[in-house]
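Asker: model the structure of this input:
(one chain, ligands or ions: 2)
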Amino acid sequence: MRVYGHRGAAGHRPENTLASVRHALALGADGVEIDVCLLDDALIVLHDDTLDRTTNGQGPYKSWDLTALRALDAGDGERIPLLEEVIALAIDRAELNIEVKEAGIAELVIARTLAATAASPAWRSRILLSSFDAPTSAVLARLRGAMRFGLLYEEPFEAALQRALTLKAQSLHMSLEHLDAAHVARAHAEGLAVYVYTVNDPAAIARCQAAAVDAVFSDYPDRVLAARQHG
Ligand code: G3P
Ligand code: MG
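Answerer: Ligands and ions are numbered 1, 2, ... in the order given. Model (predicted):
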């Protein structure tokens, strides 16, 4: 079972920062997952619509200009990174799940990702694109090229499975709350890998292993790596 560090290694370092991504990679995670939004023509790595929870700024990020936002403290003196900065850390080294948080930016995410990987086109097959937003997913699926596409979903499993097949997704991204071994088997029978988020405690890690889940997202990738060694 592979492990993606969730928002870098959010259990150990401030989420969605370069320090968090570096830590996940240093721990030996197979990949990292980050959340991406748009501000002033820059793709920024941020989960929430507002800055209050993760930075010393306040209010919606959209009400800030990029220079001021980039000066904020995102924890431990870290800054809110750009997508390109995360790509520079992961390129030729690990898998990268770019979760597109904002609707309407899928084309730009693809274009910027292609530009940032121009020197290492082979690595593109280790990039995984996803979004909870259905229209965004459709665009990511259509324009993925050599990159991979995974379906993040909130609808009932069967409807999600059909959408994943229609979009020719390589993976189905399921919440831990909805983990069901029969669904994992059904997805596998249809040729889809199953990724589960967010898997942090040992019992949940063991459940995923028992259900033959292909990969998990974890704030503590070290725990999944330890379980894998002992399992
Ligand atoms: O992409 C998996 C997971 O990150 C989805 O949930 O809210 O942590 O972005 P969230
Ligand atoms: Mg995410």
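
Asker: what's opposite the residue of the chain found nearest ligand 1 in the beta bridge?
Answerer: For the chain and ligand 1, the shortest gap (CB to the nearest ligand atom) falls at residue 197, measuring 3.9 Å. For glycine as for every other residue, the C-beta is placed from the backbone atoms N, C-alpha and C. Residues in a beta bridge with residue 197, per DSSP bridges, are residue 175.

Asker: doesn't residue 43 belong to a helix?
Answerer: No: Residue 43: not assigned to a helix; according to DSSP: H, G, I helix; E, B strand; the rest coil it is strand.

Asker: next, count neighbours for the residue nearest to it when sequence neighbours are not counted.
Answerer: In space, and not counting its chain neighbours, residue 43 is closest to residue 83: 3.9 Å by CB to CB, 6 or more residues apart in numbering. For residue 83, the count of nearby residues is 23 (other CB atoms under 10 Å).

Asker: how about residue 190?
Answerer: The number of residues near residue 190, taken as other CB under 10 Å, comes to 12.

Asker: show the pLDDT at it.
Answerer: Model confidence at residue 190, given as pLDDT, is 98.

Asker: wait, does stretch 17-28 contact ligand 2?
Answerer: No: in terms of CB under 5 Å from the ion, no part of stretch 17-28 sits within range of ligand 2; the closest distance is 12.4 Å.

Asker: then stretch 69-86?
Answerer: No: Stretch 69-86 is not in contact with ligand 2 by CB under 5 Å from the ion; minimum separation 12.8 Å.

Asker: since that was my last question, I'll sign off now.
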